[in-house]
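[1] need coordinates for the following:
(one chain, ligands or ions: 2)
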Amino acid sequence: MTKEQFVVTAAQMRDIETRIFTAGMPVAALMEKVGGLIFQRLQTIISPDKCVGILAGPGHNGGDALVVGRELYFHGYKIWIYQPFSKLKELTSQHFQYIQSLEIPCYQQINELPNCDFLIDGLFGFGLEREITDSIAAAINHFNQRNQPIISIDIPSGLHTDTGEVLGTAIQASYTFCLGLWKQGLLQEQALPYVGKTELIDFHIPLTDIHAVLDKDNVPQIKRITKTTALSTLPLPRPLITHKYKQGNLLLICGSRRYAGGAILTGLGARASGVGMLSIAVPESLKMSLVSHLPEALIIGCPETEKGAIANLPLVGCVSDSVTHLIDLNSFTTIACGPGLTKDNISIIPEIIECECPLILDADALNILAQLGTIPLLKSRKSGTVITPHTGEFKRLFPHIDYTNRVKAVQTAAHESGAIVLLKGARTAISNPQGSVWINPESTPALARGGSGDVLTGLLGGLLAQIPPQELAIEDVVATATWWHSQAGILAAQARTELGVDAFTLTQHLLQVLKRQYSERYALK
Ligand SMILES: NC(=O)C1=CN([C@@H]2O[C@H](COP(=O)(O)OP(=O)(O)OC[C@H]3O[C@@H](n4cnc5c(N)ncnc54)[C@H](O)[C@@H]3O)[C@@H](O)[C@H]2O)[C@H](O)CC1
Ligand SMILES: [K+]
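    Ligands and ions are numbered 1, 2, ... in the order given. A predicted model of the protein is given here:
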C-alpha cells in the first residue's frame, strides 16, 4: 500500500501521532519538520514578492502555521499574523512569542488586517471539537469573502475531520495540504466546496505505526483509490496464450423500447473493458439496433411486454419457438442487469438473482429490488453481488439509513444487504459487507449526465467477467472500474469542456485513459 491510499479519522491520526511521540520523536521537531515541508511546497506556489497573511489558531495547527510564517519571513516574504486567541497550547505559544520578537505584525481584530496576496489557514486542524461561533466564525466568513486564495493546513478550518460536515462555518480553501495521511472528511462529498485542490504532505510516518493503528481487529479500512491501485488490478497484460472464453464471458440484461440507448451505452462500456465474450439480452425489437452498434456482441432478442420491456428471459429449459437463442445463466462469468429495463416487468429480477456468478444490479434493477423489498434475498446469493445506486436509488433501497456520513451509510447498506455497494456521486464510495471502503478521490461533474451510469455498469461487468473472484476481491475490481470511468470523464472534459461529455463521448475516452498509462509498454521500439 502507498501512503496515498490510507484514509484516517481524527482519532486514528491521534493514535498514530501518539505512537510516534512515545517512540521518542520530539513534538517540536515534528512540527518543525511539517512546517518546513509546507514552506517548501509554498515556495513553488507563491513568489517572494508576495504578502502572506497567516491565520493561527490555539492548537498545533496554529503552531504549524506559525512555523510556516516564520520561514516565509526569513526567506523574504512580507507576512502578518492573525492570532485572536487568548489561550494557546504551549508549543504554539512559544512560536507565537518568537514571531512577536521578530516584530512581525500580529493582529487580533479582523478590521485591523492589512491587504495580502495569499492567506494560510492554520486556525484548526483535526483538534476541532465543536461548532465555531462568535468572533472566530465572523472572521472565517470575512476571510472567505476576501479575494485572496486560502491555503489550508491539514483541513479547512471548520470542517469535521471525519464527516466533512461544516461545524458552524468553514474556510473555503483554494488548496488543502493534508498532513501525513488523508483525513476521511476531505473525501466526503459535503467537504468538496471547501477543500479546493488537495494534496498530501508526506512527513514520513513509519508504516508500522500506520498498520498498528489501522489494522486493529474489527476496524474496517477506508482506502483512497489511486492510479497505482487501479492499474494493479487491470487484466493487463493478457496472457500470450488464451482464448475468448478465458477473457471473460459477460451477459448484459438491459434496455427497453423506451430506453434503447441505455442498452447500447452499457454494451459500449463493456466493449471498452476488453471482455472476451459479450452477450446482450434485450427486448426483441431492439435487436437489430444493438447489432448495428455492437457487431461483435451476441445479441439475444427476448420476448417483450406490450410496453416494450423484456417479458421473460429465454432460459435453457424453456420451450419457445420464437426465440433463436436460449440463455444459460450459469455459463457466464458475470451478469450485469438494469440499465434501461423499466419497471414494467419485475419478475425477471428474482430469476436473475438465482445465478451463480457475480451479479451487478443497476438502475431499474435496483428500483425493482426496492419495490420487491428483496434486499435480504441478496444475502443468500452464492457469489458476490454488486449494487450501484446513485443517491436517489440508494434512498429508495435503504430509506432508514442515515445519509449524513456517506461513508458510514454505504458501510451500513453493504452490511445489511450482504452486497458490495457502490454509492455513486462526486466522491463515489464502495463498501464490502465487512465495511472495507474504497473512495474515489477524483472525478468531474461532467459525469452528472444521463447514460454515464450505464457506461459504468458495462465497464464494470466486462472487468469483473475477466477477473476470477478467487484472484481478486470483487470490491477491488469495482474500485478500478470506478477510477477508470471517472478518469475517462476527466479526459473527455479536458478535451471538450464539462458540457461536452455525453455518455457516448465518454465511451470513446475510456481506452484513452489506458493508452496514456501504457503508452510506453505498447510503443514500437
Ligand atoms: N498529526 C500529526 O502527526 C501532526 C499534527 N500536527 C498539527 O496538529 C494539528 C492538530 O493539533 P491539535 O492541537 O490537536 O488541534 P487543533 O490545532 O486542530 O486545535 C485544537 C485547539 O482548538 C480548540 N478548539 C477546538 N474546537 C474549537 C472551537 N470550535 N472554537 C474554539 N476553539 C476550539 C481546542 O480546545 C484546542 O485548543 C493537526 O491538524 C496538524 O496541523 C503537527 O504539527 C504535526 C504532526
Ligand atoms: K486548518
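[2] so which residues on this structure come close to ligand 1?
    13, 17, 30-31, 34, 57-64, 89, 124-132, 136, 153-154, 179-180 (Cβ under 6 Å from any ligand atom). Backbone N, C-alpha and C define where each C-beta goes, glycine included.
[3] select only the buried ones of those in PyMOL?
    Of these, the buried ones can be selected in PyMOL as follows, counting by 16 or more other Cβ atoms under 10 Å:
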select buried, resi 13+17+30+31+34+57+58+59+60+61+62+63+64+89+124+125+126+127+128+132+136+153+154+179+180
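[4] could you list the low-confidence segments of the stretch 251-400 of the chain?
    The stretch 251-400 of the chain contains residues with pLDDT under 70 at 319-323.
[5] and the residue of it that's closest to ligand 1?
    The nearest approach of the stretch 251-400 of the chain to ligand 1 comes at Thr391, 29.6 Å away (Cβ to the nearest ligand atom).
[6] got phi/psi on the closest residue to that residue other than its chain neighbours?
    Closest residue in space to Thr391, ignoring its immediate chain neighbours: Gly425 at 6.4 Å, by Cβ to Cβ, 6 or more residues apart in numbering. Per-residue torsions, Gly425: phi 170, psi -170 (degrees, to the nearest 10).
[7] which residues does the helix or strand bottoming out on mean pLDDT in the chain contact?
    Here the helix or strand of the chain ranked lowest by mean pLDDT, DSSP states H and E is helix 375-378, holding a mean of 79. Helix 375-378 is contacted by residues Pro350, Ile353, Leu369, Thr385, Ile387, Leu397, Phe398, Glu416, Ser417, Gly418, Ala419 when judged by Cβ atoms under 8 Å, 6 or more residues apart in numbering.
[8] mind listing which of those residues are in strands?
    Thr385, Ile387 (DSSP state E).
[9] quick one, helices of the stretch 401-525 of the chain?
    In the stretch 401-525 of the chain, the helices defined using DSSP state H, counting those that start in this stretch lie at 406-417, 452-466, 474-496, 503-522.
[10] ligand 2 is nearest to which of these?
    Evaluated with Cβ to the ion, the helices of the stretch 401-525 of the chain place helix 406-417 nearest to ligand 2, the distance being 21.1 Å.
[11] residues from the stretch 51-200 of the chain in reach of ligand 2?
    Contact residues, the stretch 51-200 of the chain versus ligand 2 (Cβ under 5 Å from the ion): Asn61, Asp121, Ser152, Ile153, Ser157.
[12] of the residues you listed, closest to ligand 1?
    Proximity of these to ligand 1 (Cβ to the nearest ligand atom) peaks at Asn61, which lies at 3.2 Å.
[13] ok, that closest one to Ala297 distance?
    To Ala297, Asn61 is 55 Å away according to Cβ to Cβ, to the nearest Å.
[14] please apply the same query to Gly462.
    When distance is defined by Cβ to Cβ, Gly462 is 11 Å away from Ala297.
[15] same check, this time on Pro48
    Distance, Pro48 to Ala297, by Cβ to Cβ: 60 Å.
[16] then Phe85?
    Distance, Phe85 to Ala297, using Cβ to Cβ: 65 Å.
[17] what's the answer for Gln371, then?
    Distance of Gln371 to Ala297, computed by Cβ to Cβ: 29 Å.
[18] also Trp484?
    In terms of Cβ to Cβ, Trp484 sits 20 Å off from Ala297.
[19] of the two, which one has the most company?
    Trp484 (26 against 20; other Cβ atoms under 10 Å).
[20] and the residue nearest the centre of the chain, its phi and psi?
    Nearest residue to the geometric centre of the chain (Cα atoms, centre = their mean): Asn440, 1.8 Å. Phi and psi for Asn440, reported as degrees, to the nearest 10, are phi -90, psi 110.
[21] and Trp182, by the same measure?
    Per-residue torsions, Trp182: phi -60, psi 130 (degrees, to the nearest 10).
[22] residues touching the residue nearest to it when sequence neighbours are not counted, list them.
    Counting by Cβ to Cβ, 6+ apart, Trp182 lies nearest to Val7, which is 4.8 Å off, once chain neighbours are set aside. For Val7, the contact set (Cβ under 8 Å, 6+ apart) comprises Leu181, Trp182, Lys183, Gln184, Leu187, Ile222, Lys223, Arg224, Ile439.
[23] and Val7, what element?
    Using DSSP states H and E, Val7 sits within strand 7-8.
[24] sheet-wise, list the partners of that strand with their directions.
    Looking at strand 7-8 with DSSP bridges, its partner strands are strand 182-183 (parallel).
[25] quick one: distance of the one helix or strand Gly261 maps to to the chain centre.
    In the assignment (DSSP H and E), Gly261 maps to helix 260-272. The chain centroid and the centroid of helix 260-272 are separated by 23 Å under Cα atoms, centre = their mean, to the nearest Å.
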